[in-house]
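S.K.: Just a sequence and a predicted model for now, questions to come.
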Number of protein chains: 2
Amino acid sequence: MMKHLIAIAVLTIAPSLALAGDTRSDIDGTLEKFVTALNAGDATGVASFYTDDAALLPPGGERVDGREAIQAFWQGAIDGGMKANSLHAVEVFDGGDVAGEVGVFVLTVPADDGVSEIHGKYIVIWERRDGVWQLHRDIWNTN
Amino acid sequence: MMKHLIAIAVLTIAPSLALAGDTRSDIDGTLEKFVTALNAGDATGVASFYTDDAALLPPGGERVDGREAIQAFWQGAIDGGMKANSLHAVEVFDGGDVAGEVGVFVLTVPADDGVSEIHGKYIVIWERRDGVWQLHRDIWNTN
């Protein structure tokens, strides 16, 4: 009987442990895959890291709503020759299934004399859905 | 005895209830005071709504760390004649003592032909400290 109770307890607790994870390392891991997809020109892959009802708030433009529109946005950047030189989290503020991340990036874009480096910073509001952290709101600007 | 137990229970629960509040309406209230202080030219008042270790991530500039530097930043904007025409929360993602807010603003700045309107959007990561929601990280850009 005791053995069964322990088995049930383990089964009950295990999913929560899996869900809890380590927010910071989960986000770091997703950002790494995000950059890999972006630099491979895989806009579908990039968009897959966002919630289906995510939004971008890009500088110099209107808000972009939904994963499909987000994919088109990143496709445009890829087509323009943009590459992510680096992109990483500086701080993560963990609120359970919501997290606020502050990050910095260096992008390169084609320029007359080769490439131009763009340094900037961003905030992403992440949501954890079905145990997976996804980008939900994404804003950035340049320095 | 029962009466004492109830009294203790009420005393124990009350502060939690006070702390819980309504995140959205607390943030809305602070934003209203923020705008009032800004338009009154009160940079000290504006800065008081930030945590002491808050940071601004302004477009076209480097990160600004700490309440004192934040006050100086807003003083510069005030001295430049900037006014907040409107500023309000569009969405608040509540994570307990951390919240992510997406907002929009219309600013006016002096221009040759009177004033120029600037439309933009922002994300603020809020932290609740000692029961008070404060701006902790603040990034924006223009449309």
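M.R.: Nice, thanks for sending it over. Numbering: from 1, shown residues only, chains lettered A, B, ... in the order given.
S.K.: Enumerate the residues of chain A near chain B.
M.R.: For chain A, the residues in contact with chain B (Cβ under 8 Å from any Cβ of the partner chain) are A:55, A:57-63, A:91, A:93-100, A:102, A:121-123, A:125, A:127, A:136-137, A:139-143. For the C-beta atoms, the positions are set from N, CA and C on the backbone; glycine is no exception.
S.K.: Sort out for me which of these are in strands.
M.R.: A:55, A:57, A:91, A:93-94, A:98-100, A:102, A:121-123, A:125, A:127, A:136-137, A:139-142 (DSSP state E).
S.K.: what residues are up against the closest residue to A:His136 other than its chain neighbours?
M.R.: Spatially, and ignoring its direct neighbours in sequence, A:His136 is nearest to A:Glu127 (4.3 Å; Cβ to Cβ, 6 or more residues apart in numbering or on different chains). Counting by Cβ atoms under 8 Å, 6 or more residues apart in numbering or on different chains, A:Glu127 touches A:Thr51, A:Asp97, A:Val98, A:Trp133, A:Gln134, A:His136, B:Phe93.
S.K.: now do 6 Å
M.R.: By Cβ atoms under 6 Å, 6 or more residues apart in numbering or on different chains, the residues touching A:Glu127 are A:Thr51, A:Val98, A:Gln134, A:His136.
S.K.: partners of it in the sheet?
M.R.: A:Val98, A:Gln134 (DSSP bridges).
S.K.: gap between it and B:Trp133?
M.R.: 20 Å (Cβ to Cβ, to the nearest Å).
S.K.: Put the buried members of the ones in strands among the residues of chain A next to chain B into a ChimeraX selection.
M.R.: Selection of buried members from those for ChimeraX, criterion 16 or more other Cβ atoms under 10 Å in any protein chain shown:
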select /A:55,57,93,94,98,99,100,102,121,122,123,125,127,136,137,139,140,141
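S.K.: which regions of chain A sit below the pLDDT cut-off?
M.R.: Counting by pLDDT under 70, chain A has low-confidence residues at A:1-21.
S.K.: could you redo the last one with a cut-off of 90?
M.R.: A:1-21, A:113 (pLDDT under 90).
S.K.: contacting residues around whatever residue of chain A ends up closest to chain B?
M.R.: The nearest approach of chain A to chain B comes at A:Gly95, 1.8 Å away (Cβ to the nearest Cβ). Taking Cβ under 6 Å, 6+ apart as the criterion, A:Gly95 is in contact with B:Gly95, B:Gly96, B:Val98.
S.K.: Can you pull the phi and psi angles for it?
M.R.: phi -120, psi 40 (degrees, to the nearest 10).
S.K.: Tell me how many other residues surround A:Ala40.
M.R.: Look at A:Ala40: counted by other Cβ atoms under 10 Å in any protein chain shown, it has 11 neighbours.
S.K.: what's the answer for A:Arg24, then?
M.R.: 15.
S.K.: How much space separates the nearest residue to it once chain neighbours are set aside from A:Ser25?
M.R.: Among residues not flanking A:Arg24 along the chain, A:Val92 sits closest, at 4.8 Å (Cβ to Cβ, 6+ apart). From A:Val92 across to A:Ser25, the span is 10 Å (Cβ to Cβ).
S.K.: With A:Phe105 instead?
M.R.: 19 Å.
S.K.: mind listing the helices for chain A?
M.R.: Using DSSP state H, the helices of chain A run over A:2-20, A:23-39, A:43-48, A:67-79.
S.K.: Backbone dihedrals for the residue nearest to A:Lys33 when sequence neighbours are not counted, please?
M.R.: Using Cβ to Cβ, 6+ apart and skipping residues adjacent in sequence, the residue nearest A:Lys33 is A:Phe49, 6.9 Å away. Phi and psi for A:Phe49, reported as degrees, to the nearest 10, are phi -80, psi -10.
S.K.: Correct me if wrong: A:Phe49 contacts A:Thr36.
M.R.: No - A:Phe49 lies out of contact with A:Thr36 (Cβ atoms under 6 Å); the separation is 10.8 Å.
S.K.: of those two, who's got more company?
M.R.: Neighbours were counted for A:Phe49 and for A:Thr36 using other Cβ under 10 Å; A:Phe49 has more, 21 against 13.
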